[in-house]
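A.B. asks: this is the structure alone, sequence omitted:
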């Protein structure tokens, strides 16, 4: 179960810096790029199992210290980028906590196997008819 945004905001850190891209002189003056840093170990609202699942699923997104970085620089406003990073984090956490259903092995029906073999035989017959006759 995902916590509220207010609970998440208590434990995350934000870093701001100058963003690239369009914006003219605004780009050179305003720090509109926002980087959100989230430490899974500090999240008291997750159980140990949930933390382990998050670390396993998000291993490619975590840095060497186990911190999750989410960056947004799409908007020219720092506030909008901050909101975007929080929304992105929520989506990442939701996807990370999702448990996949166990796949039930199913048997290929006999009729399907027979149909595949019949198609294979028909295809072989078709190609056999395209060959030049050999005079042995």
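C.D. replies: Arrived safely. Source: prediction; values computed, not measured.

A.B. asks: buried residues, the helix or strand of the chain with the lowest mean pLDDT. List them.
C.D. replies: The helix or strand of the chain with the lowest confidence, counting by mean pLDDT, DSSP states H and E, is helix 25-29 at a mean of 73. Neighbour counts over helix 25-29 (16 or more other C-beta atoms under 10 Å) mark residue 27 as buried. The C-beta positions use only the backbone N, C-alpha and C, and glycine is treated the same way.

A.B. asks: next SSE downstream of that helix?
C.D. replies: With elements assigned by DSSP states H and E, the helix or strand that comes after helix 25-29 is strand 33-39.

A.B. asks: and that next one, what other elements does it pack with?
C.D. replies: If you count contacts as 3 or more C-beta pairs under 8 Å, 6 or more residues apart in numbering; DSSP states H and E, strand 33-39 packs onto helix 5-11, strand 13-17, strand 67-72, helix 78-97.

A.B. asks: excluding its backbone neighbours, what's nearest residue 93?
C.D. replies: Among residues not flanking residue 93 along the chain, residue 2 sits closest, at 6.1 Å (C-beta to C-beta, 6 or more residues apart in numbering).

A.B. asks: need the contact list for the one you found.
C.D. replies: Contacts here follow C-beta atoms under 8 Å, 6 or more residues apart in numbering; on that basis residue 2 touches 90, 93-94, 97.

A.B. asks: so it is in which element?
C.D. replies: Going by DSSP H and E, residue 2 is not part of any helix or strand.

A.B. asks: please report phi then psi for it.
C.D. replies: phi -80, psi 140 (degrees, to the nearest 10).

A.B. asks: for it, give me the pLDDT.
C.D. replies: Residue 2 is assigned a pLDDT of 78 by the prediction.
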